[in-house]
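Q: coordinates only, no sequence provided:
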């Protein structure tokens, strides 16, 4: 029997009770969340449980929702069971004042750089990461550019003297 | 007397057993801006640390202010050796998100272009592996067929490298006869060239000795490192997005997924060559299917989605409706529905994913690109550890790293 979203949800609820919440299915992919304190337990369970077997971390990225007070930053994991060919989306949220999330890099080598990238752009501090430093931006940068508090430059600004590129 | 060392020896002094070698970011042996700080013991690599980000352009941030169709040119600049795959991957993601059904003819035309792009990409990668092992001939020989592929792009979208090909819903224009003539020429001539290219390398003693057993990785480690695409298949895992989650009607085609065993440079080379043969077969099949359309069906090159597909220019000048849509699309005044989607396509070097979050505005709330080579480049120190510096160069080429994609 092929692995079904309902079965994954039942397994997670059985193991973690009401700590895993927000189950939804959009475009066929099961999505759910949990408190950030148990993110490694959830990932490890999904990895180890033979009937689930989510051993491939497809993607890890951050999202910033400035309006969600106390849960401004979200880490999204996309996991893939390659044998059954089923994907799930798992997310944990954290406050922007205390952006500490446990690292998944001990479980997935691939999480190493993806967490560094997430740190680089959102300032999420991955606790336990061996080498958490900026990766794409310069080391001297003192802000986290993909946060929503940093808007892109106003396209209609006229105060810029930029003769070479036809403005000003 | 207190025993302490008065002189603190600087790094790289004679007391140090290994040498630090700064390799890159601009070095003739790295094809692109890659920096590696290597610790070498003689010719052997002890450890290395990669630095990335030299051409980071903040595409994910820029995309947060752009309407969907303006994000296509950003995807061009990810893996610029096969931009049509990125363009179409993005269009397919948008179509899936907006629940747009594309006509079969569009799907088949897309398959032709995507497989041509895959051939162009593998061609570069494999011939560069040849160059790095000292065989320049193959590279020069196959380049003229990449040129022919670019000419086919040119007939369809007007540009060669950063193609911005197609639109949400299909293509901006139908394929003209020149495009099909050039495609036929390609299908006639390229198999012979590929055969000759294989003759040059596959059983070449020098090439085999340079590539076999270098840069290898086991299937288990490859999966843990998030490998996808030919690099993962060379390690023996038959995961291909085209088969696992078919898009653009790949389920209508017959093809096999070549896999290797050792995951070393030689297997990666063989897998890419085998994939090119599969791509040729896919293009032939798709071309036959395209030719089978008759009458009005043979003129279809886009889906009917007025909200996202620009109307014809003649109509814009003469019809009110078309003018309104043209204005709304160009000014980016179309609200996209709320929701999230992760969709991926089989890029030339791995699974290229798009994670789109929309809050109901005109542009994505957040767009994340899953760039395959950013993820698998992490394994590079493990791949080259204990090997020679010259093998590290070959390993880097054979991973098919594209700096534009790495840094986004």
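A: Right, received. Where do you want to start? For clarity, every value in this text was computed on a predicted model and none was experimentally measured. Residues are numbered from 1 along each chain as shown, chains lettered A, B, ... in the order given.

Q: burial check on residue A:155, number of neighbours?
A: Residue A:155: 6 surrounding residues under other C-beta atoms under 10 Å in any protein chain shown. In short, each C-beta sits where N, CA and C put it, glycine included.

Q: is it in a helix, a strand, or coil?
A: coil (DSSP: H, G, I helix; E, B strand; the rest coil).

Q: quick one: contacts for residue B:145?
A: B:119, B:123, B:186, B:189, B:190, B:193 (C-beta atoms under 8 Å, 6 or more residues apart in numbering or on different chains).

Q: in chain A, which residue sits closest to chain B?
A: Distance from chain B to each residue of chain A (C-beta to the nearest C-beta) is smallest for residue A:110, at 2.9 Å.

Q: list the contacts of the nearest residue to that residue once chain neighbours are set aside.
A: Distances taken as C-beta to C-beta, 6 or more residues apart in numbering or on different chains put residue B:226 closest to residue A:110, at 2.9 Å, once the chain neighbours are dropped. If a contact means C-beta under 8 Å, 6+ apart, then residue B:226 has A:56, A:57, A:58, A:108, A:109, A:110, B:375, B:376, B:378 as its contacts.

Q: helix, strand or coil for residue B:226?
A: coil.

Q: which helices and strands does the helix or strand harbouring residue B:269 pack with?
A: Assigned by DSSP states H and E, residue B:269 falls within helix B:265-292. If you count contacts as 3 or more C-beta pairs under 8 Å, 6 or more residues apart in numbering or on different chains; DSSP states H and E, helix B:265-292 packs onto helix B:104-132, helix B:177-201, helix B:205-211, helix B:229-234, helix B:389-398.

Q: what residues does chain A have near chain B?
A: For chain A, the residues in contact with chain B (C-beta under 8 Å from any C-beta of the partner chain) are A:26-27, A:29, A:31, A:55-59, A:61, A:63-64, A:76, A:78, A:82, A:85, A:87, A:89, A:108-110, A:112-114, A:117, A:121, A:134-138, A:145-146, A:152.

Q: which PyMOL command selects the buried ones in those?
A: This is how PyMOL selects the buried members of these, with burial counted by 16 or more other C-beta atoms under 10 Å in any protein chain shown:
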select buried, chain A and resi 29+31+55+56+57+58+59+61+63+64+76+78+82+87+89+108+109+110+112+113+114+117+121+134+135+136+137+145+146
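
Q: ok, residue B:64 - how many residues close by?
A: 20.

Q: can you check residue A:102 too?
A: Counted with other C-beta under 10 Å, residue A:102 comes out at 19.

Q: the one 4 residues further on too?
A: Summarising burial for residue A:106: neighbours were counted as other C-beta under 10 Å, giving 14.

Q: any stretches of chain A with poor pLDDT?
A: A:1, A:160-168 (pLDDT under 70).

Q: ok, 90 please
A: Along chain A, the parts satisfying pLDDT under 90 run over A:1-4, A:26-28, A:151-168.

Q: which residues of it fall in strands?
A: A:21-26, A:29-34, A:56-64, A:73-81, A:86-94, A:100-102, A:125-127 (DSSP state E).

Q: okay, the ones you listed in JSON lines with distance to residue A:2 next?
A: Compiled in JSON lines, the strands of chain A are given as follows (distance: least, C-beta to C-beta, whole Å):
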{"stretch": "strand A:21-26", "distance to residue A:2": "15"}
{"stretch": "strand A:29-34", "distance to residue A:2": "14"}
{"stretch": "strand A:56-64", "distance to residue A:2": "17"}
{"stretch": "strand A:73-81", "distance to residue A:2": "10"}
{"stretch": "strand A:86-94", "distance to residue A:2": "8"}
{"stretch": "strand A:100-102", "distance to residue A:2": "31"}
{"stretch": "strand A:125-127", "distance to residue A:2": "34"}
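
Q: nearest to residue B:311, out of those strands?
A: Residue B:311 lies closest, by C-beta to C-beta, to one member of the strands of chain A: strand A:21-26, at 30.7 Å.

Q: give the buried residues for the helix or strand just after the helix holding residue B:269.
A: For helix B:265-292, the succeeding helix or strand toward the C-terminus, using DSSP H and E, is helix B:313-318. By 16+ other C-beta under 10 Å, the buried positions in helix B:313-318 come out as residue B:316.

Q: who does the helix or strand just after helix B:313-318 touch, helix- and strand-wise?
A: Counting by DSSP H and E, the element after helix B:313-318 in chain order, helix or strand, is helix B:320-330. In terms of contacts (3+ C-beta pairs under 8 Å, 6+ apart), helix B:320-330 is packed against helix B:313-318.

Q: for the helix it packs on, which helices and strands make contact with it?
A: helix B:320-330.

Q: give me the residues contacting the helix it packs on.
A: With contact meaning C-beta under 8 Å, 6+ apart, helix B:320-330 is reached by B:67, B:69, B:306-308, B:310-312, B:315-317, B:333-334.

Q: start to end distance for stretch B:232-241?
A: Terminal residues of stretch B:232-241 are spaced 12 Å apart (C-alpha to C-alpha, to the nearest Å).

Q: does any part of that stretch sit near chain A?
A: Yes - using C-beta under 8 Å from any C-beta, stretch B:232-241 reaches chain A at B:237, B:239.

Q: residue contacts, the spatially closest residue to residue A:146 that is not a sequence neighbour?
A: Spatial nearest neighbour of residue A:146, excluding adjacent residues (C-beta to C-beta, 6+ apart): residue A:121 at 3.8 Å. Counting by C-beta under 8 Å, 6+ apart, residue A:121 touches A:62, A:136, A:137, A:144, A:145, A:146, A:147, B:60.

Q: 7 Å - rerun?
A: For residue A:121, the contact set (C-beta atoms under 7 Å, 6 or more residues apart in numbering or on different chains) comprises A:62, A:144, A:145, A:146.

Q: same check, this time on residue B:282
A: With C-beta under 7 Å, 6+ apart, residue B:282 has these contacts: B:111, B:115, B:253, B:255.

Q: quick one: residues contacting the third one.
A: Right, the one you point to is residue B:253. Residues in contact with residue B:253 (C-beta under 7 Å, 6+ apart) are B:282, B:285.

Q: tell me how far it lies from residue A:98.
A: From residue B:253 across to residue A:98, the span is 51 Å (C-beta to C-beta, to the nearest Å).

Q: what's the answer for the first one, then?
A: Distance of residue B:111 to residue A:98, computed by C-beta to C-beta: 49 Å.

Q: the more surrounded of the two?
A: residue B:111 (26 against 10).

Q: pLDDT score assigned to the more buried one?
A: Here, the pLDDT recorded for residue B:111 equals 96.

Q: out of the contacts of residue B:282, which two sit at the greatest distance?
A: Maximum pairwise distance among these (C-beta to C-beta): 10.4 Å, between B:111 and B:255.

Q: just want the residue of the stretch 101-250 of chain B that's nearest chain A.
A: Residue of the stretch 101-250 of chain B nearest chain A, by C-beta to the nearest C-beta: residue B:226 (2.9 Å).

Q: hang on, the earlier thing: can you pull the buried residues of the helix holding residue B:269?
A: B:265-283, B:285-287, B:289-290.

Q: where's it relative to the chain centroid, distance-wise?
A: 15 Å (C-alpha atoms, centre = their mean, to the nearest Å).

Q: great, nothing more from me.
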